[in-house]
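> give me a 3D structure for the following:
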Amino acid sequence: QVQLVESGGGLVQAGGSLRLSCAASRHTFSTYAVGWFRQAPRKERDIVAAISWSGRSTYYADSVKGRFTISRDNAKDTVYLQMNSLKPEDTAVYYCAARDGVNFAITRGGYDYWGQGTQVTVSS
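Below is the predicted model of the structure:
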């Protein structure tokens, strides 16, 4: 069992940046692949980015490629999502999720553990 806590959300103007953090409760977090998802009002929860346990493999949704960067610091049991050039359409609740395994998944069903989410609001 692993507990995840997201932080770093907030209100930012279009074109601005935020860095989200996902901190895990277990020191074996390095054996988990992690994904960031987001859910806007009345929309599905969709994958944004994902990272393998080692950090060597990553995935990005087309809508965030070139703007968002996922990374991890296994010594700190934390995964980050650096978000640059934010747009109003990036407004959503952002969730991190973890799965016990070396490779990430790109669907919700591939993850076993979820955080509570952090709100990101981008004003125009």
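> for whichever helix or strand residue 35 is part of, which outside residues touch it?
Here residue 35 sits within strand 32-39, counting by DSSP states H and E. If you take CB atoms under 8 Å, 6 or more residues apart in numbering as the criterion, strand 32-39 is touched by 2, 20, 22, 24, 45-53, 70, 72, 79, 81, 90, 92-106, 108, 110-111, 113, 117, 120. The way it works is simple: take the backbone N, C-alpha and C, and place the C-beta from them, glycine included.
> and that strand, which residues are buried?
Neighbour-count burial for strand 32-39 flags 32, 33, 34, 35, 36, 37, 38 (criterion: 16 or more other CB atoms under 10 Å).
> any idea how far stretch 93-109 is from the chain center?
Relative to its chain's centre, stretch 93-109 lies at 9 Å (CA atoms, centre = their mean, to the nearest Å).
> for the buried residues of strand 32-39, please prepare TSV with the additional fields distance to residue 65 and pLDDT.
TSV is the format used below for those (distance: CB to CB, whole Å; pLDDT from 0 to 100):
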residue	distance to residue 65	pLDDT
32	24	93
33	19	96
34	18	97
35	15	98
36	14	98
37	16	98
38	15	98
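> out of the residues you listed, which is nearest to residue 60?
Among the buried residues of strand 32-39, residue 36 lies closest to residue 60 (CB to CB), at 9.7 Å.
> ok, the closest one to residue 108 distance?
Distance from residue 36 to residue 108, counting by CB to CB, to the nearest Å: 12 Å.
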